[in-house]
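Student: Quick one: sequence plus predicted model below, questions after.
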Amino acid sequence: MTINTDDFKSIPVLDLSRVETDKAGLLADLQAALVTVGFFYVKNHGIPVEFLDATTAKAVEFFDLPLEEKLKADKINSPTFLGYSVQGNEITKNKKDNREQLDFANELAEFWKPGQPEYERLTGPNVWPDEAVIPGFKEAILEYWDRTHELANRLTHLVAEALGLPADALDKYVDQNQQHRAKLIKYPAVDALAPSDGNQGVGAHRDTANLLTVLYQANDMPGLQVQNHAGDWIDATPMRGTFVVNIGTGLEYLVDGVAVATTHRVLNPLPGKGPRYSIAYFHGARLDQKLYPTPMPQHILNQKPATVVTDTAGFQYAALYAQNPGLYAVVNRMSSHRDVAGKWYPELSKEHGIDVSGVNAGY
Ligand SMILES: O=C(O)CCC(=O)C(=O)O
Ligand SMILES: [Fe+2]
C-alpha cells in the first residue's frame, strides 16, 4: 500500500498481522501514516470483535441508566477527574460539546499525601456506578482497559521502530505503574438536542500530552473527522472490528515533531440516526519527570512535510508540559473541568489563572 505523502484524502488501514509476514512493509506504511496523517486504522490486532460488541453493550447499558444513577459516579466526587460528566459539561473552542462521558482508568489506590506534588492526586480509584444497578460493568470495562492497554504497548513499540528507533526507545517515557485514562462516550443525534446546541460532538482539537490514542468507534455511526494539511475534513468512517489510532501532542513533542498530532473533531449524528458511541483510550506519557525529545535519525527528520495545519490552541500549555508534565496534566484537567478544580484544587487553580467560576474549557 502506498500512502500519498503530499496530503491525505483518506485514513490508512494497517493490518497488524503483517508483523508476522511483512514487518518491513508494515513499518514503512506506519512511518508514512505517522509522519503524514497522524491517524490510522488497525485491523487484525488480536482483540476479538465479539469482545468489543460485549463491551459496547455494557457502555450502552451505562448511558441508558437514569441520570440520577449516572450522577452517583459524577467526577465532582473525586480529585482524580475520573467519573461521569453529564452532557454539555465540557467546552471546546468556546462551544459546548454535545456528549456525555465516563472517564475511567486502571484501578490504582490513592497515594498522594499533603506536601507531595499535586499531580499525584490525579492517580486514584475509579468512580463507578452502583454494581447492583449495572452488574458486571466494572469488570467488563476494566477488561477492556487491559486489552487496549496491551495493544497500545505493542503499537508504541512498532511506532518507535517505524521512526527508525529501537523498539523500546519510547518505553522510558512511560512508567509501568502509571494510570492511563480512557472514556466511554455517547454523542446524541441532533434531534435529541436543543436546536441551539448545534452539532459539535467534540470541537476541533488535538489529543493533549499523551503518546497514542486507541479509539474504538463502537457503533456504525459516522461523525469523526480528521483535518488534512489543506484544512479539509476527512471522514474516519467506522470500520467494524478496527481501532482508530492517533498521535497525541506528547508523542509529537517526544519525537521532535516527526509524528504529527492531527486535529480532529466529532459531529453529532444527523436527525433520526440515533446516538454515536465510542471508547477512547489515551496511552499517557509519565508525569513524574521532565521529558526530553529523543534525537531522531536524520532520514526520519527529512520526512517531515513542509506544511501541516495544526491547532496550536490545542496545546496551550506546551511550555509547561516540557517543564513539568505532571503539573501540566493537572492544569489541563482543571481547565477542562472547572467545577472539579474549584472543589479539589482551589489554590492551584488560582495560581494558574483558572477561573473556577468560569465555564469548563476542554482542549
Ligand atoms: O469519539 C471519538 O470518535 C473521538 C473522541 C476524541 O477525539 C477525544 O475524546 O479526544
Ligand atoms: Fe481526540
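Tutor: Nice, I can see it. Residues are numbered from 1 along each chain as shown. Ligands and ions are numbered 1, 2, ... in the order given.
Student: can you pull the contacts of residue 271?
Tutor: Contacts for residue 271 (CB atoms under 8 Å, 6 or more residues apart in numbering) come out as 189-191. In short, each C-beta sits where N, CA and C put it, glycine included.
Student: hmm, 10 Å instead?
Tutor: Counting by CB atoms under 10 Å, 6 or more residues apart in numbering, residue 271 makes contact with 189-193, 199.
Student: tell me the two of these that are most distant?
Tutor: 192 and 199 (11.4 Å; CB to CB).
Student: Look up how far ligand 1 lies from residue 221.
Tutor: Distance, residue 221 to ligand 1, using CB to the nearest ligand atom, to the nearest Å: 10 Å.
Student: Please report how far that residue lies from residue 60.
Tutor: Distance, residue 221 to residue 60, by CB to CB, to the nearest Å: 12 Å.
Student: Also residue 325?
Tutor: 35 Å.
Student: Who has more neighbours out of those two?
Tutor: Between residue 325 and residue 60, counted using other CB atoms under 10 Å, the more crowded position is residue 325 (22 against 15).
Student: Pull the contacting residues for that one.
Tutor: Each residue near residue 325 by CB under 10 Å, 6+ apart is listed here: 119, 173, 209, 250, 253, 284-291.
Student: Greatest separation within those: which pair is it?
Tutor: Within the contacts of residue 325, 119 and 253 form the most distant pair, 17.4 Å apart (CB to CB).
Student: how about the residue of the stretch 101-250 of the chain found nearest ligand 1, what does it touch?
Tutor: Among the residues of the stretch 101-250 of the chain, residue 224 lies closest to ligand 1, at 4.1 Å counting by CB to the nearest ligand atom. By CB under 10 Å, 6+ apart, the contact set of residue 224 is 11, 39, 187, 201-202, 215, 217, 233-238, 244, 246, 264-267, 276, 278.
Student: among these, which ones are buried?
Tutor: 11, 39, 187, 201-202, 215, 217, 234, 236-238, 244, 246, 264-267, 276, 278 (16 or more other CB atoms under 10 Å).
Student: so of those, which ones are in strands?
Tutor: Members of these lying in strands (criterion: DSSP state E): 39, 187, 201-202, 215, 217, 234, 244, 246, 264-267, 276, 278.
Student: Could you list which of those also contact ligand 1?
Tutor: 202, 215, 217, 264, 266, 278 (CB under 6 Å from any ligand atom).
Student: now those residues in TSV, with pLDDT and distance to residue 115?
Tutor: Listed next are those as TSV, based on pLDDT from 0 to 100; distance: CB to CB, whole Å:
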residue	pLDDT	distance to residue 115
202	95	37
215	98	38
217	98	44
264	96	40
266	98	41
278	98	39
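Student: And these, which two are furthest apart?
Tutor: Among those, 202 and 217 lie farthest apart (CB to CB), at 13.4 Å.
Student: what touches both of these two?
Tutor: 223-224, 266, 278, 280.
Student: Out of these, give me the two with the largest separation.
Tutor: The distance between the two most remote of these (CB to CB) is 13.2 Å, for 223 and 280.
Student: what touches both of the two?
Tutor: Counting by CB under 10 Å, 6+ apart, the residues touching both residue 223 and residue 280 are 202, 217.
Student: Can you check my assumption that residue 357 lies in a helix?
Tutor: No: the assignment for residue 357 (DSSP: H, G, I helix; E, B strand; the rest coil) gives coil, which keeps it out of a helix.
Student: number of nearby residues for it?
Tutor: Per other CB under 10 Å, the neighbour tally for residue 357 reads 7.
Student: if I pick it, what's in contact with it?
Tutor: Going by CB under 10 Å, 6+ apart, residue 357 touches 338-339, 342.
Student: Residue 246 contacts residue 37, correct?
Tutor: Yes: in this structure, residue 246 is within contact of residue 37 by CB atoms under 10 Å, at 8.9 Å.
Student: Overlap in contacts, the two.
Tutor: Common contacts of residue 246 and residue 37 (CB under 10 Å, 6+ apart): 11, 226, 259-260, 262.
Student: from the chain, which residue is nearest to ligand 1?
Tutor: Counting by CB to the nearest ligand atom, the chain gets nearest to ligand 1 through residue 278 (3.5 Å).
Student: Give the full set of residues in contact with the nearest residue to residue 327 once chain neighbours are set aside.
Tutor: Take residue 327 and drop its neighbours on the chain: the residue closest to it by CB to CB, 6 or more residues apart in numbering is residue 119, 5.9 Å away. Shown in contact with residue 119 (CB under 10 Å, 6+ apart): 112, 287-288, 324-331, 333, 348.
Student: pLDDT below threshold where in the stretch 251-363 of the chain?
Tutor: For the stretch 251-363 of the chain, the stretches with pLDDT under 70 are 306-318, 358-363.
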